[in-house]
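**Q** got a structure for you, letters missing:
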């Protein structure tokens, strides 16, 4: 049997410049809020601060924590059988 090398970066999120996709989403959210409120400078500064805090939180968690949280809170379903992630016990 021949050993196969499995790369460790298969499940990584796409990168935009030096940020991952979910970090860009946090920054974009603050940018949009600042644009709508006409306080763009303040919200861009807040965006950089919040992205830095989010990076620190995410680095202390397991990989894929946001996907697992979305299952738990019911924002994204796991499959066709378990449509609601909020159900903790399933009895057929």
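**A** Yes, it's here. Since the structure is predicted, the reported quantities are computational estimates derived from the model, not experimental observations.

**Q** measure residue 40 to residue 19 for me?
**A** From residue 40 across to residue 19, the span is 19 Å (Cβ to Cβ, to the nearest Å). Yep, even glycine has a C-beta here, placed from its N, CA and C like the rest.

**Q** swap that for residue 12, sorry
**A** 13 Å.

**Q** So between the two, which is more surrounded?
**A** Using other Cβ atoms under 10 Å as the criterion, residue 12 and residue 19 rank with residue 19 on top: 16 against 11.

**Q** Could you say which helix or strand holds the residue nearest to residue 65 when sequence neighbours are not counted?
**A** Spatial nearest neighbour of residue 65, chain neighbours left out: residue 58 (6.7 Å); criterion: Cβ to Cβ, 6 or more residues apart in numbering. For residue 58, the host element (DSSP states H and E) is helix 40-59.

**Q** Likewise for residue 23?
**A** helix 21-37.

**Q** That helix to helix 40-59, inter-axis angle?
**A** 160 degrees (axes from the mean of the first three to the mean of the last three Cα atoms, to 10 degrees).

**Q** For helix 21-37, buried residues please.
**A** Neighbour-count burial for helix 21-37, counted by 16 or more other Cβ atoms under 10 Å, picks out 22-24, 26-27, 30-31, 34.

**Q** try stretch 41-51
**A** Buried, per 16+ other Cβ under 10 Å, within stretch 41-51: 43, 46-47, 50-51.

**Q** and of these, the nearest to residue 5?
**A** residue 51 (33.1 Å; Cβ to Cβ).

**Q** Could you verify my assumption that that closest one touches residue 26?
**A** Yes. Under the criterion of Cβ atoms under 8 Å, residue 51 makes contact with residue 26 at 5.4 Å.

**Q** for this protein, what helix or strand is lowest in average pLDDT?
**A** Every helix and strand in the chain was compared by mean pLDDT, DSSP states H and E; the lowest is helix 65-72, with a mean of 75.
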